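Student: Structure, please.
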Amino acid sequence: MEPHASGQSWANSIFAITLFEEDLTAAKTFYHTVFELEPVWEDANSCVFKIGETMINLLDSSQADGLLTPAKMAAKENGVRAVYTIHVEDVDGLCATLKANGVTLINGPMDRPWGIRTASFADPGGNVWEIAK
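Tutor: Residues are numbered from 1 along each chain as shown. Model (predicted):
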């Protein structure tokens, strides 16, 4: 592939991430409570929140075929396929808040060999979020 004329990649920001959710109501409640976000758009099959400039589209998993065909959505029981990381100032403090709000941590807080402190948790659809400092 030829380099972009400006010398920079055409991929300079993430516009949207679509997460498939088996229980859209539980997912909406989770994102509202845990991330303290308000929906910017919603209908019967999806709910969109914004983290910074990135839209997080929660899509009812029954609608995945319309977006993915001919590919297939993997079941959340098959394991984690991605981790979304958010930079925070206080990993330990936020972990305490998450736990107080009923969120179960997958791991952490822990110091990683590459020099950051992290903790991870999953939303109701099994999508994994990591907080890092």
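
Student: Break the protein into its domains for me.
Tutor: 15-72, 80-133 (automatic domain parsing).

Student: Next SSE downstream of the helix or strand hosting Ser120?
Tutor: Using DSSP states H and E, Ser120 maps to strand 117-122. Note on strand 117-122: by DSSP H and E, the next helix or strand toward the C-terminus is strand 128-132.

Student: where in the protein is pLDDT low?
Tutor: Within the chain, the set of residues satisfying pLDDT under 70 comprises 1-7, 10-11.

Student: can you map out the helices along it?
Tutor: 24-34, 64-68, 91-100 (DSSP state H).

Student: Distance-wise, check the closest residue to Ala16 other than its chain neighbours relative to Cys95.
Tutor: Nearest-residue entry for Ala16: Met55, 4.1 Å, with adjacent residues in sequence omitted and distances by C-beta to C-beta, 6 or more residues apart in numbering. Just so you know, the C-beta spots here come from the backbone N, C-alpha and C atoms, and that holds for glycine as well. Distance, Met55 to Cys95, using C-beta to C-beta, to the nearest Å: 26 Å.
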